[in-house]
Structures are given as C-alpha cells and as structure tokens.
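S.K.: Give the three-dimensional model of this entry:
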Amino acid sequence: MYVLITLLLFVLAIATIVILRFVRSMLSYAWLAAALGGLISWMSVFLWQLDMPRQFSPSLWTPLTLFSTSPEWMVDSYSWLYALALVTLAGAVILTSPARTSLTVNTAAWAGSLALTVLALLAVLADNPLTLVLVWTAIDIAEFFNTLRASDSPSLSERAVISFSIRGAGTVCALWASVVNTSSGGTFLFENVSTQTGMFLLLAAGLRLGVLPLHLAFRSEPTLRRGFGTTLRLTTAATSLILVSRLPFSSMDLRLVPYLLLLVGFAAFYGGWKWFSARDELGGRPYWIIGMSALSLAATLRGNSAGSAAWGTAMLLFGGISFLYSARHVWFTRILAGLGILLLGLPFTLTATGWAGNFPWPVIFWPLFGGAHFLFVAGYIRHLFSAGEIPFSGLPTWAQTAYPIGLGLLVVTIIVTGLWGWVGAFQIGFWIAPTVLLVLSGLLGLAAWRFRRYISIPEFLTSETRVSRFGVMQDFMARGLWTIYRILGRLFGYIANLLEGDGGLLWTLVLLVLVVTILQGR
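M.R.: Take a look at the predicted model:
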C-alpha cells in the first residue's frame, strides 16, 4: 500500500539521522537525509489517490467481550487532505531550518519533527475512536517528556504537567463516550456516534486543543518557537480536528447547536482579535490555533464536514507559512501576502466550503464568524510584513535555495488542495460571504495605504507585557489546579511515609481490617 511507503520513508529518514548523529558524521548529511525524506514523502502522498478509499488493520484484538473494535486505519478524502498538509508542514520545517540559526545543527529537532509527523499521520488515518485514543496517548507522552526536557525552570515543568492533565482529560472524555456507546449495545465507530456520545467527543476535541489553559507558558522556550515548536503545536491540534471532521451531523443535539455555535463564535472572534493584535506571529500562535479550530468546529455543528476539514487544513498550511517565514525578502513577502486571498473562502480555493452547511446561520452569528474570519486574514497579512529575524540575503548560498523550496511546498499544497484531490476541491461554495470579506479587505487596505501617514500604531500592537483579563483568569485557574495537585501530592506522600515507617506494618493491618469490615457489611 502507498501509505506504508510514506511511513517507511519517514522511518528511514529518522533512522538515517539517528545513525549519523551517533557516528558524529557531517551534520550536512543529516540535514540532507531529513530534507530528501520530507520531499519524497510529500510526493508519495499523491500516490494515495490511486488506492482510495482503503481500509487496513494490523490484527484483530481478542477477546471481543473486552474490545468491540480493533485498531484500524482508513485512507479516504479527509484523511488524505490532512495527511498531505501534515507531510507538507514537515518538509517545510526541514527545508526552512537553515534560516533558524539556533536549529541549524539540531539533528534531534529534525528527527523529532519527522517522528511527530508519523504519529500525527496515524491519528488522522484512524478509522475508529479506539485507534485515535491510542495515538493520542502516544502523542501526549512524547510531548510531555519533550516539554519537561526542554523546560529549565520548575514553573514551566508545572505548566507541562497541567497541560498534560488537560489533554488527558480530553482522552478520558473520548473513552467515556466509548463506554456510553458500548452500554447501549452498539459498536463504537465514527459512523454511528449517537447524540449522547457526540457531546463527549466534542468536549474531548475541545480539551485537547489547548483552550484551557492557553499554551502561553512555553512561548519563550527556544525549542518551542519556530521549527519543531510549529510542528508540535499544529500537528497536535490537527489530530483533534480530525475527530471534529469525522463526527456526523446526526450526532449533534439540535436543541444545543445554537448555544454551542454562540460559544464557538465568541471563541473564534476572541482568537481572531488576539491573533491580529499580537506583537508577532509566534506570540499569536495559540490564538491562531484556537480561532481556526473554532471555525472548524462551527462547520461541524452546521453539518459541514468538508468545511471543517478545510479550516483545519488551512490552520496547518497558512499557519506554517506565518510561523516558518523568518528570513524576509520583499518579493517573498508580497507573494505570500497575496496568497491570503485564498484564505477568504472564494470559489475553487481550499476554504471554499468553509461557509456552507445544513444548519442555518442565525443573524447574530454573521458578525461573529465574519469578523473572526476577516481578523485571521488581516492578521496573517500583517504578520508577514513585520520585521523578520534575519534577512534572506544573510543566508548561505545553499540555504537560499532550500528555504524558498520549503515555503513553496506550502504554497503549492494550498493551491492544489483547492482544485483537486478531495470532496471539497473545485467547489464554488457560499461565495457571497467571501466576496463581502474581499471587498471589505480591499477598502480597508486602500484606506490604510492612502492615510498611512495619519494612522498611528495602537498601544496594544506594540505592548509586549500587557496580559488580557482572560489570560489572567486562565493563569489563575492553572495555579488553582496546580495547588490541588500539590495538596494531593503531599497527602499521598504523607501516607507513603506513614506506611513505610516503623509503624507501617501496623497501619497496613489496620487498613486491611477496615476493608474486610466494609466488605462484610455489604
């Protein structure tokens, strides 16, 4: 199967990097192995179209009384779209790495990016919730230990524990949905998710997106900035959004959909505003993820699975351009900024299906989602014109060739996915909303250019230390959770010391008698 070819290419590239690292060979060979692995893997994903749809499973789990389903993977339209975006992002991260001087010789970051992409591919290919939960767990463990290794202060390590706990809570919600579904006698598959379990799966996806708490604690970590940090944040969110795209509209409680849309609309608008007003693109990265994920969730709530997948893929591809574009060049900036027109949802573009749906939009939702959409496009363009880390002319000659190829992979994938390859390609969509946004963007851009000398930069665009009240509230919640964690840790530590001390045997006997007494009473 062609999927195995892609996975084997990634594994081969990772193994080559590790071997070259241990033999301490020339680091340029390690980068070349990673770059070739990313490029060839990207091309191999297009071969999946020759064998779609295709389902495969390594083995059946027994006994059936314990496992109603076995791990299975499916290559279909949505999984191919997400897989292509993930592989594109991985290749772009490797090819643009020479522009990030701190990561030029970091072979561990290259291998880590490729390994994380392999796990993300297994997640987006998952054909049932059990498979997805298993891959989620592997990703969480890998991210947790990597974050602890990268954090050099106790406070950041504490935030890593809280973040891991929140994601674990999302996984528990998915497992509870399986319990509820199995108790009714059904097999837990994406196709037959009921209204009782659909809400638990939505909650699972929301918790795993990092909404609570915001991942602001790791913004200053060098290894979580560009490169591997971009791969880590975007791919982790994509593995949650694939669940949102898989949920059928029949699993939504129509009585709750308007209220959920209202909450998601506020989240999208808040994320769009914070993304637009962020000091730089890396500072606004959590809000980009939250806001674009909210648009994807809104599409699912309206019965538009294609639109949900489109917003999730746009988060990966356009986000990859924003976060990897560190070496500025005037013509690169103009071309990439002009590419923002493809984010508006115009016909025959990647996000053309973003505004479609079976559930009608109430009037109150148009300003929320329309304003959020406009802010994401405006913020994308604004951050491209900000000052970069280094000039493009300052790169070595070989890097000046590899760097544009990395950005070009993202551009080509954005154009191709709008025209070919999946059910949302080559669609006209609901063209009125993007046309209004296009006219509004043109008028505001013309006004900003015409009166640029009279426009001063607002304080919130230049302030680096100002924190919103919402951010303060989330920080307070994180501190509260960590306080509970410390109290429980001290309590269990005290019990452990008590049982391990001189009187430990006596206390053990007392507890044993107490348990036996309780059981006899029942």
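S.K.: What is the burial count for the residue nearest to Gly284 when sequence neighbours are not counted?
M.R.: Leaving aside its chain neighbours, Gly284 sits nearest to Ala278 (2.9 Å; criterion: CB to CB, 6 or more residues apart in numbering). C-beta here means a position set from N, CA and C on the backbone, and glycine is covered the same way. Ala278 has 20 neighbours, counted by other CB atoms under 10 Å.
S.K.: For Ala278, give me its contacts.
M.R.: 284, 287, 379, 383 (CB atoms under 8 Å, 6 or more residues apart in numbering).
S.K.: Just the buried ones out of those residues, please.
M.R.: Neighbour counting with 16 or more other CB atoms under 10 Å marks 284, 287, 379, 383 as buried within those.
S.K.: Which helix or which strand is home to the third one?
M.R.: Taking DSSP states H and E as the definition, one finds Gly379 inside helix 365-384.
S.K.: Does anything pack onto that helix? Which helices or strands?
M.R.: helix 257-277, helix 285-301, helix 305-324, helix 330-338, helix 432-450 (3 or more CB pairs under 8 Å, 6 or more residues apart in numbering; DSSP states H and E).
S.K.: and the next element down the chain from it?
M.R.: strand 390-391.
S.K.: Quick check: Tyr82 touching Val124?
M.R.: Yes: using CB atoms under 8 Å, Tyr82 makes contact with Val124 at a distance of 4.0 Å.
S.K.: Show me which of the two is the more surrounded one.
M.R.: Val124 (28 against 25).
S.K.: Tabulate the contacts of Ala278 (JSON lines), appending pLDDT and distance to Ser57.
M.R.: What follows is these, written out as JSON lines (pLDDT from 0 to 100; distance: CB to CB, whole Å):
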{"residue": "Gly284", "pLDDT": "89", "distance to Ser57": "41"}
{"residue": "Tyr287", "pLDDT": "91", "distance to Ser57": "39"}
{"residue": "Gly379", "pLDDT": "92", "distance to Ser57": "42"}
{"residue": "His383", "pLDDT": "93", "distance to Ser57": "43"}
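S.K.: one step back: the buried ones among the contacts of Ala278: which two are farthest apart?
M.R.: Comparing every pair within these by CB to CB identifies Tyr287 and His383 as the most remote, at 11.7 Å.
S.K.: And the most centrally placed residue in the chain, how far from Leu295?
M.R.: Central residue of the chain (CA atoms, centre = their mean): Ala237, 1.8 Å from the mean position. From Ala237 across to Leu295, the span is 12 Å (CB to CB, to the nearest Å).
S.K.: just Leu336 next, same as before
M.R.: 21 Å.
S.K.: Quick check on these two: which one has the bigger neighbour count.
M.R.: Leu295 (29 against 21).
S.K.: Hmm, Phe269 and the more buried one touching each other?
M.R.: No: Leu295 lies out of contact with Phe269 (CB under 8 Å); the separation is 10.5 Å.
S.K.: What residues sit buried inside the strand or helix carrying Leu32?
M.R.: Using DSSP H and E, Leu32 sits within helix 27-45. Neighbour-count burial for helix 27-45, counted by 16+ other CB under 10 Å, picks out 27, 30-31, 33-42, 44-45.
S.K.: which residues make contact with it from outside it?
M.R.: So helix 27-45 is contacted by 2, 5-6, 9-10, 12-14, 16-17, 20-21, 80, 83-84, 87-88, 90-95, 97-98, 105, 107, 110-111, 114, 402, 409 (CB under 8 Å, 6+ apart).
S.K.: If we use 7 Å, what do you get?
M.R.: 2, 5-6, 9-10, 12-13, 16-17, 20-21, 83-84, 87-88, 90-91, 94-95, 105, 107, 110, 114, 402, 409 (CB atoms under 7 Å, 6 or more residues apart in numbering).
S.K.: and that helix, how far from the chain's centre?
M.R.: 23 Å (CA atoms, centre = their mean, to the nearest Å).
S.K.: Can I take it that Gln55 is in a helix?
M.R.: No: checked against DSSP: H, G, I helix; E, B strand; the rest coil, Gln55 lies outside a helix; its state is strand.
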